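Student: Generate coordinates for the sequence data below:
(one chain, ligands or ions: 2)
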Amino acid sequence: MSAVAIAPLAEPVPRTAIVLLGTGVVGRALLTLLGTPAARSLRLVGAANSRRQHVLADGVTPGEVAERLAKAREGRDNLPLLAALDAASATRKVVVDATACAIEASRHAEWLAAGYHVVTANKALAGGHLSGWRALQSATAGGAVYGDAATVGAGLPVLSTLRRLRHCGDSLLTLEGVFSGSLSWLFNQYDGSRPFSSLLRDARRLGFTEPDPRSDLSGEDVARKLLIIARNAGFALGSDEVEVESLVPEALRGVDTKAFLDRLDELDEPLRERHAQARANGKVLRYLARLNQRGRARVGLVEVGHDHPASRLSGTDNQFALTTTRYHATPLVIQGPGAGPEITAQALLGDVLAL
Ligand SMILES: NC(=O)C1=CN([C@@H]2O[C@H](COP(=O)(O)OP(=O)(O)OC[C@H]3O[C@@H](n4cnc5c(N)ncnc54)[C@H](OP(=O)(O)O)[C@@H]3O)[C@@H](O)[C@H]2O)C=CC1
Ligand SMILES: N[C@@H](CC=O)C(=O)O
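Tutor: Ligands and ions are numbered 1, 2, ... in the order given. The predicted structure is shown next:
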């Protein structure tokens, strides 16, 4: 039998072309998923970190991104990335934002208005000033989709559930829970036997914290999630309307990230005292977020009894208790791991595939 040469199949026009901003812990986990069969309908045409980018309209191999970026010349410009999306002739063009960069987030509305879908783990726009949220609402009116599942609960079905309830005429009355995976992980195991700073180093190493962990400890990241949920529920809540308790000592608020990381031990004594006080009261510490029926919002550290639902969480568990006009006798509770690169990347991939 003679061997028959089979001509390679012409590369089909991809249905969805994507560019990835951010190749940190979440971005890298997404690159891994882009190499799996689940992502076969997608073509990655560019990727960037804060300093460099690599663009190829014919397709970038996800597994080669790190090497390509390392070899690329220094310089960042989003225009070639958007041009690669246009040149791919795909049915859908998607910018995936896996950065924590406020400047990139400030461009989301502009990209949407230009017809690019945006899928984001970056909460800075939707959870920032109300004007940014309003700009997003106007920008999606043209049909481009804002994929935001990763911004709350690292992809737990919170926003999708809320939208579904609203679609049926239900309304959110109150919201309460633990919205931070890193703070959940920290307080679920902090018993005073190990310095808080040592646990925080582990949380950072495991990819649970924000690039600057002060975004978690200051309550800012939790406040953003509360704002995103509240706004999706129809509350036009301004970022200055959330009362936020910061766990970052005054002296560590203005220093740069490196200096902060070098001085983590300064967190230990104040938290040891809070923990001892809670224990003396027969309680445990949990960082809770609350929105009441009058729209009053607060995030902060609370002593809760052992009968409180948040006292029974483990790992990075988030917990969202939604009381609505129809879930009013007991709340609808969504609970599960709320931080980590792999689940967050999956939330991004899910939003891209859902387009
Ligand atoms: N970790 C988690 O569990 C979760 C994270 N998120 C969100 O995911 C996002 C990313 O988090 P994470 O991966 O942990 O953070 P990392 O710090 O690990 O990664 C951030 C990445 O963004 C890159 N970056 C910064 N500015 C720009 C820019 N202007 N253009 C392109 N790339 C840029 C950084 O570049 P460089 O490498 O050069 O520094 C880095 O690669 C954050 O918004 C976070 O809130 C959401 C849910 C859960
Ligand atoms: N740093 C965040 C990650 C997800 O948004 C958290 O701890 O929840």
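Student: Please make it C-alpha for all contacts and neighbour counts, starting now.
Tutor: Fine.
Student: Is residue 49 in contact with residue 21, as I believe?
Tutor: Yes - the criterion here is Cα atoms under 8 Å, and residue 49 meets it with residue 21 at 6.2 Å.
Student: ok, the two, which is more surrounded?
Tutor: Of the pair residue 49 and residue 21, residue 21 is the one with more neighbours under other Cα atoms under 10 Å, namely 24 against 19.
Student: Now do the contacts for that one.
Tutor: Counting by Cα atoms under 8 Å, 6 or more residues apart in numbering, residue 21 touches 27, 47, 48, 49, 95, 96, 97, 98, 99.
Student: do that again at 6 Å, thanks
Tutor: With contacts defined as Cα atoms under 6 Å, 6 or more residues apart in numbering, residue 21 is in contact with 47, 48, 97, 98.
Student: Relative to residue 187, how far out is it?
Tutor: Per Cα to Cα, to the nearest Å, residue 21 is found 31 Å from residue 187.
Student: before we move on, what about residue 157?
Tutor: From residue 157 to residue 187 the distance is 23 Å (Cα to Cα).
Student: Between the two, tell me which one has more neighbours.
Tutor: Shown here are residue 157 and residue 187; by other Cα under 10 Å, residue 187 has more neighbours (22 against 16).
Student: Confirm that that one sits in a helix.
Tutor: Yes - with DSSP: H, G, I helix; E, B strand; the rest coil as the criterion, residue 187 is part of a helix.
Student: Look at it and report its pLDDT.
Tutor: You'll see residue 187 listed with a pLDDT of 98.
Student: Let me see the contact set for it.
Tutor: Neighbours of residue 187 in contact, by Cα under 6 Å, 6+ apart: none.
Student: returning to what we had before: buried ones among the contacts of residue 21?
Tutor: 47, 48, 97, 98 (16 or more other Cα atoms under 10 Å).
Student: filter these by proximity to ligand 1?
Tutor: 48, 98 (Cα under 6 Å from any ligand atom).
Student: and the buried ones among the contacts of residue 21 as TSV, adding secondary structure?
Tutor: Output for these, formatted as TSV (three-state DSSP):
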residue	secondary structure
47	strand
48	strand
97	strand
98	coil
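Student: Would you mark the buried spots in the one helix or strand residue 203 maps to?
Tutor: Per DSSP states H and E, residue 203 falls inside helix 196-205. By neighbour count on 16+ other Cα under 10 Å, the buried set for helix 196-205 is 196, 197, 199, 200, 203.
Student: again, but for stretch 104-123
Tutor: 104-106, 108-109, 111-113, 115-123.
Student: is ligand 2 contacted by it?
Tutor: No - Stretch 104-123 lies out of reach of ligand 2 by Cα under 6 Å from any ligand atom, never closer than 7.5 Å.
Student: separation between the closest residue to residue 127 other than its chain neighbours and residue 125?
Tutor: The shortest distance from residue 127 to any non-neighbouring residue, by Cα to Cα, 6 or more residues apart in numbering, is to residue 224 (4.2 Å). Distance, residue 224 to residue 125, using Cα to Cα: 9 Å.
Student: do residue 154 as well
Tutor: Distance, residue 154 to residue 125, using Cα to Cα: 16 Å.
Student: you'd agree residue 302 is in a strand?
Tutor: Yes - assigned with three-state DSSP, residue 302 falls within a strand.
Student: Contact partners for it?
Tutor: Applying Cα under 6 Å, 6+ apart to residue 302 gives the contacts 285, 286.
Student: what's across from it in the sheet?
Tutor: Per DSSP bridges, the residues bridged to residue 302 are residue 286.
Student: For the remainder of this discussion, apply numbering that starts at 23.
Tutor: Fine by me, first position is 23 from now on; the one you just mentioned is residue 324.
Student: Near ligand 2, which residues of the chain? Just list them.
Tutor: Residues of the chain lying near ligand 2 (Cα under 6 Å from any ligand atom): 176, 202, 203, 204, 205, 230, 231, 232, 238, 360, 361.
Student: ok, now with 5 Å
Tutor: Contacts of the chain with ligand 2, taken as Cα under 5 Å from any ligand atom, map to 202, 203, 204, 231, 232, 361.
Student: Closest to ligand 1 out of the residues you listed?
Tutor: Set against ligand 1, the nearest of those by Cα to the nearest ligand atom is residue 361 (3.5 Å).
Student: For that closest one, which non-adjacent residue is closest in space?
Tutor: residue 203 (4.6 Å).
Student: Looks like that neighbour contacts residue 360 (just checking).
Tutor: Yes - assessed by Cα atoms under 6 Å, residue 203 is found in contact with residue 360 at 4.6 Å.
Student: Find the residues that touch each one of the two.
Tutor: Common neighbours of residue 203 and residue 360 (Cα under 6 Å, 6+ apart) are 338, 340.
Student: if I look at residue 101, how far off is residue 153?
Tutor: Applying Cα to Cα, the value for residue 101 to residue 153 is 25 Å.
Student: the more surrounded of these two?
Tutor: More crowded of residue 101 and residue 153, by other Cα under 10 Å: residue 153, with 13 against 9.
Student: name the element that one belongs to?
Tutor: Going by DSSP H and E, residue 153 is in helix 152-161.
Student: and the stretch 273-377 of the chain, which residues reach ligand 1?
Tutor: Checking the stretch 273-377 of the chain against ligand 1 by Cα under 5 Å from any ligand atom, the hits are 361, 362.
Student: Can you name the residue of the stretch 273-377 of the chain nearest ligand 2?
Tutor: residue 361 (4.8 Å).
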